[in-house]
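Colleague: Here is my input; please provide its structure:
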Amino acid sequence: MARATAKATPAKAQPVAQPFRIGFLVHDVSRMRRTLFDQAVKPLGLTRSQWWVLANLSRHEGGSMVQTELAKLLDVSKVTVGGLIDRLEASGHVERRADGADRRAKRICVTAKGFRVIENMTKVGNDLNAVILHGISAERVRVAEDVLHDIKLNLKQRLSGDGGDNSDLA
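Modeller: The predicted structure is shown next:
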């Protein structure tokens, strides 16, 4: 009598729990949007790092920040931001000025040329948003924005140390 051989069947992969999926989706959407934005602003002659500096400067009063604050905001070293500022200054998009409150500090200021580029970047961003939000109702966009805002607040709390202990992250 022939013996039946038991075939080992691989364990069925368990689906990843939904809470983890949002992190991957946020990351993928952000990466893909940046890639499309890079393609759209390529004619402006800016690298991703350079347009990211201009975008962040444009969000601050007067389009200026102290260089060390900018490095912290961008989550890069002072040396890295210094090189980016060197290139943006050489191309006429920003200029370094002495800071009124601290003569040792340099304030990075967007120039008129830089603001024209920021205007173009804003138009590109608006056009890109129209493409990527096509077919999605204003209500669903608002809900997504609200959820992402709440997630951002939770992350800020955790990063600032106000989020309690980290024992639940292990």
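
Colleague: Kindly state the pLDDT recorded for K42?
Modeller: Per-residue confidence at K42 stands at 90 (pLDDT).

Colleague: what's around it, how many residues?
Modeller: Using other Cβ atoms under 10 Å, K42 has 10 neighbouring residues. The C-beta positions use only the backbone N, C-alpha and C, and glycine is treated the same way.

Colleague: likewise L133?
Modeller: Residues within reach of L133, counting by other Cβ under 10 Å, total 13.

Colleague: Ok, the one 10 residues further on next?
Modeller: By other Cβ under 10 Å, 11 other residues sit near V143.

Colleague: what's the answer for the one 5 residues further on, then?
Modeller: Neighbours of L148 under the rule other Cβ under 10 Å: 12.

Colleague: So for F115, what's the nearest residue that isn't a sequence neighbour?
Modeller: Spatial nearest neighbour of F115, excluding adjacent residues (Cβ to Cβ, 6 or more residues apart in numbering): G63 at 6.6 Å.

Colleague: Next one: the one you found relative to A138, how far apart?
Modeller: Using Cβ to Cβ, to the nearest Å, G63 is found at 30 Å from A138.

Colleague: Compare the two and say which is more crowded by neighbours.
Modeller: Taking other Cβ under 10 Å, G63 and A138 do not tie; G63 has more neighbours (17 against 8).

Colleague: any idea how far that one lies from Q157?
Modeller: Taking Cβ to Cβ, one finds G63 at 29 Å from Q157.

Colleague: buried residues in stretch 81-90?
Modeller: V81, G82, L84, I85, L88, E89 (16 or more other Cβ atoms under 10 Å).

Colleague: Just name whatever secondary elements the helix or strand hosting A130 is in contact with.
Modeller: Secondary structure assignment for A130, by DSSP states H and E: helix 112-132. Packing partners of helix 112-132 (3 or more Cβ pairs under 8 Å, 6 or more residues apart in numbering; DSSP states H and E): helix 18-41, helix 48-58.

Colleague: Which residues outside the longest one are in contact with it?
Modeller: Pointing back at helix 18-41 there. Helix 18-41 is contacted by residues R48, W51, N120, M121, V124, G125, D127, L128, V131, I132, L148, I151 when judged by Cβ atoms under 8 Å, 6 or more residues apart in numbering.

Colleague: What angle do helix 48-58 and it make with each other?
Modeller: Between helix 18-41 and helix 48-58, the angle comes out at 100 degrees (axes from the mean of the first three to the mean of the last three Cα atoms, to 10 degrees).
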